[in-house]
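Colleague: can't give you the sequence, but here's the structure:
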């Protein structure tokens, strides 16, 4: 029987490999391949976080009665890692190698320290506390769904009318960094954002532009499948 430690450590390595692949492509200026690998990394990492936060941490806290201990610390680190992912997404969108590699170095240090804490302390603790039900926990984690796996997609609305450049571009890139696969971003703007289109194409996004009766532009954006 796999332990929780074995199961989640293996998933750490899978995510690590995807992150390394993305960085290697950035170093070669292979931006299309970098975007593909990074999206796979981001989706895999979010699934990993969801397995922990929705299943493992909840079971551990219910069993121990401690909601302010190691699991809460790990949730805080998840939030920090998500913030760096957003910066990496923006660097990819702008094809800024130096900025990406700088954020990548920060991410690598943070995620390796995070993984060590989980693999050497938290996961063994959960195996001990949840003795006898590890298989049930692993089964529950294996079928957990993230936002990118929902059957129903969400539409996120973003109104940037009246904003002066570069704020509309900054806001849409920030929103795209958080956009789940399967969801759609609907941007409303008072001028056609032509500089945005090549950024979307380079980063594996599809889009449709519609001119409304009130002369505003409605841009619908989603991840290419």
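Modeller: Perfect, I can see it now. These numbers were taken from a predicted model, which means no experiment stands behind them. Numbers count the residues shown, from 1 in each chain.
Colleague: contacts and neighbour counts: CA atoms only from here.
Modeller: Will do.
Colleague: Give me the most central residue, the chain.
Modeller: Nearest to the mean C-alpha position of the chain, by CA atoms, centre = their mean, lies residue 42 at 3.8 Å.
Colleague: Which residue ranges make up the domains of the chain?
Modeller: According to automatic domain parsing, the chain comprises the domains 4-146, 150-223.
Colleague: re the thing from before, who's in contact with the residue nearest to the centre of the chain?
Modeller: With contact set as CA atoms under 8 Å, 6 or more residues apart in numbering, residue 42 has these partners: residue 85.
Colleague: Could you rerun that using 10 Å?
Modeller: Contact analysis of residue 42 by CA atoms under 10 Å, 6 or more residues apart in numbering lists 15, 18-19, 48, 82, 85-86, 89, 177-178, 180.
Colleague: show me what contacts residue 171?
Modeller: Per CA under 10 Å, 6+ apart, neighbours of residue 171: 158-160, 177, 187.
Colleague: helix or strand right after the one helix or strand it maps to?
Modeller: Residue 171 belongs to helix 167-178 when elements are defined using DSSP states H and E. Proceeding N to C from helix 167-178, the next assigned helix or strand is strand 184-189, under DSSP H and E.
Colleague: neighbouring contacts of the helix or strand just after that following strand?
Modeller: Sequence-wise, the next helix or strand downstream of strand 184-189 (DSSP H and E) is helix 196-202. Residues outside helix 196-202 that contact it (CA under 10 Å, 6+ apart): 31-35, 92-95, 168-169, 172-173, 176, 205-209, 221-224.
Colleague: Among those, which are located in helices?
Modeller: Counted as lying in helices by DSSP state H, out of these, are 31-35, 92-94, 168-169, 172-173, 176.
Colleague: Now rank those by neighbours and give me the top one.
Modeller: Within the ones in helices among the contacts of helix 196-202, most neighbours by other CA atoms under 10 Å means residue 34, with 26 neighbours.
Colleague: Tell me how far that residue lies from residue 88.
Modeller: As judged by CA to CA, to the nearest Å, residue 34 and residue 88 stand 11 Å apart.
Colleague: Please apply the same query to residue 37.
Modeller: Residue 37 is 12 Å from residue 88, by CA to CA.
Colleague: about what we covered before: between the domains of the chain, which gets the lowest average pLDDT?
Modeller: Mean pLDDT is lowest for domain 150-223 among these, at a mean of 87.
Colleague: That one: how far from the chain's middle?
Modeller: Here domain 150-223 is found 18 Å from its chain centre; the criterion is CA atoms, centre = their mean, to the nearest Å.
Colleague: what about residue 48, neighbour count?
Modeller: By other CA under 10 Å, neighbour count at residue 48 equals 19.
Colleague: that's a helix at it, yeah?
Modeller: Yes: under DSSP: H, G, I helix; E, B strand; the rest coil, residue 48 falls within a helix.
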